[in-house]
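Chemist: kindly return the folded structure for what I paste below:
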Amino acid sequence: MLQSLQSCFRIPELKRRIFWTMGLLVVYRLGGHIPTPGVSGEALSAWLNQSGGGTLFGLYDLFVGGNFSKATIFALGIMPYISASIILQLFGSVIPYFERLQKEGEEGRKRITQYTRYGTVLLSIVQAAGIALFLENLGGQVPGLLTSHGMTFRLLCILTMTAGTIFVMWLGEMITERGIGNGISLVIFIGIVARTPIEIVNTLKMLKTGSINPFLLIFLCAFMLVVTAVVVAFTQAQRKIPVQYAKRIMGRKMYGGHTTHLPLRVTAAGVIPIIFAQSIIIFPSTLASFFPNSDVMQTVQQLFGPSSVAYNVFYAALIVFFTYFYTAIVVNPVDMAENMKKVGGFVPGVQPGKHTAEYIDRILLRITLPGAIFLALIAVIPDLLMRSANVPFYFGGTSLLIVVGVALDTLQQVESHLLMRHYDGFMKKGKLKARRF
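Modeler: The predicted structure is shown next:
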């Protein structure tokens, strides 16, 4: 491992990309300490800690690295860009124009990227306006939250947060272009990981004061290692469908005649099902937080509290549903079968075209079930265990899947740079391969 790390800095291009990435991520973290004019980050953070941990605000704050709770210029983070990307991806499944763009290669991708940027600006303006109105209404309940009011504050809030999102989007694109890649994912990754030192310090303080049992802490550390290993295994798991290419003679050369495979990921939907499910399941708690004196809303909040049985059952069911839903959007068996047929490929024993599409669809339905159950378990079980143990940090669910997925992708990109220049990679002895499911 140490030798591989040294090899990273022997390659000038890779070294430059690593330093570019680190520098841009530092800029992102520094921007997370610049407050939005007219808002007190301390007052907002105190209110969120008191009532917003299990609401949409707490979920949103997780993805933006704590910038929302501190009311910084990056309060919206990269989430408008992620939302715009998901919307355009959905458009590609239902609107013929965007479907054609997805099939036009590099030129189509450039157009989709440009539309994504426009959508990011529009969503940023709408979300920033909503936050400005929310802060104004909250200012009457939380003393010292706002130092200004009215249209001036709203326009300043919209301009500041929208500009912050555009700058974060630019940072992500620069990391992708000049850094080691996965710029947008790394921005979310660093926001989640940035909380780790504070959580470690809080855990050590609890251990020192006797608030947490040392044997329980050792058990939790071992449990976290096992869960992380399982997440890595499922993230890499694939079902490989054998594909045979027919021999073709073009001029004096013969093409095809070889066998390869079509990989289908067990967790093709990634972390999106958990995000969708969380957004829906915590909406009642978010709504109840605006009506603290209503008995009905407080009953709803208790029913959909994270410790209730109804909450966890409904949460797991939503994850399974959205896993199938989003997998059906991102994986199109008909397109796969048609593309294979165009280049002379076929699955042994299956007729090309419609029958191949049906075969792929059947396999996809079967392997999606264990992937959906895995996502539900990884979102529910660690959360229940951490809450019952009363530990001062969160582990599992969305954050764990994002951290593991981005870490694996980044490691593989660095690995490809090393192997391309005849250096030993990070996984020389125990090559991390995609597991066959």
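
Chemist: I'd like to know how far residue 295 sits from residue 281.
Modeler: 22 Å (Cβ to Cβ, to the nearest Å). For glycine as for every other residue, the C-beta is placed from the backbone atoms N, C-alpha and C.

Chemist: ok, those two, which is more surrounded?
Modeler: Neighbour totals were compared for residue 295 and residue 281, and residue 281 leads with 21 against 8 (other Cβ atoms under 10 Å).

Chemist: can you tell me how far the more buried one is from residue 378?
Modeler: Separation of residue 281 from residue 378 (Cβ to Cβ) stands at 15 Å.

Chemist: before we move on, what about residue 229?
Modeler: 12 Å.

Chemist: more neighbours: which of these two?
Modeler: Between residue 229 and residue 378, counting by other Cβ under 10 Å, residue 378 is the more crowded of the two (22 against 11).

Chemist: isn't that one right up against residue 227?
Modeler: Yes. Assessed by Cβ atoms under 8 Å, residue 378 is found in contact with residue 227 at 7.0 Å.

Chemist: packing partners for the longest helix along the chain?
Modeler: Counting residues, the longest helix found in the chain (DSSP state H) is helix 354-389. Packing partners of helix 354-389 (3 or more Cβ pairs under 8 Å, 6 or more residues apart in numbering; DSSP states H and E): helix 214-236, strand 238-245, strand 259-265, helix 272-281, helix 309-330, helix 333-342, helix 397-420.

Chemist: any idea of the angle that helix forms with helix 397-420?
Modeler: Interaxial angle of helix 354-389 relative to helix 397-420 (axes from the mean of the first three to the mean of the last three Cα atoms, to 10 degrees): 120 degrees.

Chemist: before we move on, back to that, quick one, which of the helices and strands packed on helix 354-389 gets closest to residue 72.
Modeler: The closest approach between residue 72 and any of the helices and strands packed on helix 354-389, judged by Cβ to Cβ, belongs to helix 397-420 at 19.7 Å.

Chemist: in that closest one, which residues are buried?
Modeler: Buried residues in helix 397-420, counted by 16 or more other Cβ atoms under 10 Å: 397-407, 409-410, 412, 414-415, 417-418.

Chemist: how about low-confidence regions in the stretch 151-300 of the chain?
Modeler: Scanning the stretch 151-300 of the chain for pLDDT under 70 picks out the ranges 247-257, 285-292.

Chemist: help me confirm that residue 207 comes into contact with residue 216.
Modeler: No. Assessed by Cβ under 8 Å, residue 207 is found out of contact with residue 216, at 10.0 Å.

Chemist: in the stretch 51-200 of the chain, which spans are helices?
Modeler: Assigned by DSSP state H, counting those that start in this stretch, the stretch 51-200 of the chain shows helices spanning 56-63, 79-94, 96-102, 106-139, 150-178, 183-193, 196-209.

Chemist: take these and lay them out in a markdown table including mean neighbour count and distance to residue 220.
Modeler: Compiled in a markdown table, the helices of the stretch 51-200 of the chain are given as follows (neighbours: other Cβ atoms under 10 Å; distance: least, Cβ to Cβ, whole Å):
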| stretch | mean neighbour count | distance to residue 220 |
| --- | --- | --- |
| helix 56-63 | 20 | 20 |
| helix 79-94 | 18 | 30 |
| helix 96-102 | 15 | 44 |
| helix 106-139 | 16 | 35 |
| helix 150-178 | 18 | 33 |
| helix 183-193 | 22 | 19 |
| helix 196-209 | 12 | 9 |
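
Chemist: out of those helices, flag the one nearest residue 18.
Modeler: helix 150-178 (10.8 Å).

Chemist: elements contacting the closest one?
Modeler: If contacts are counted by 3+ Cβ pairs under 8 Å, 6+ apart, helix 150-178 sits against helix 12-31, helix 79-94, helix 106-139, helix 183-193.

Chemist: residue 148: which of those helices is closest?
Modeler: Nearest of the helices and strands packed on helix 150-178 to residue 148, taken as Cβ to Cβ: helix 106-139 at 9.8 Å.

Chemist: any idea of the mean pLDDT in the closest one?
Modeler: On average, the pLDDT along helix 106-139 is 88.
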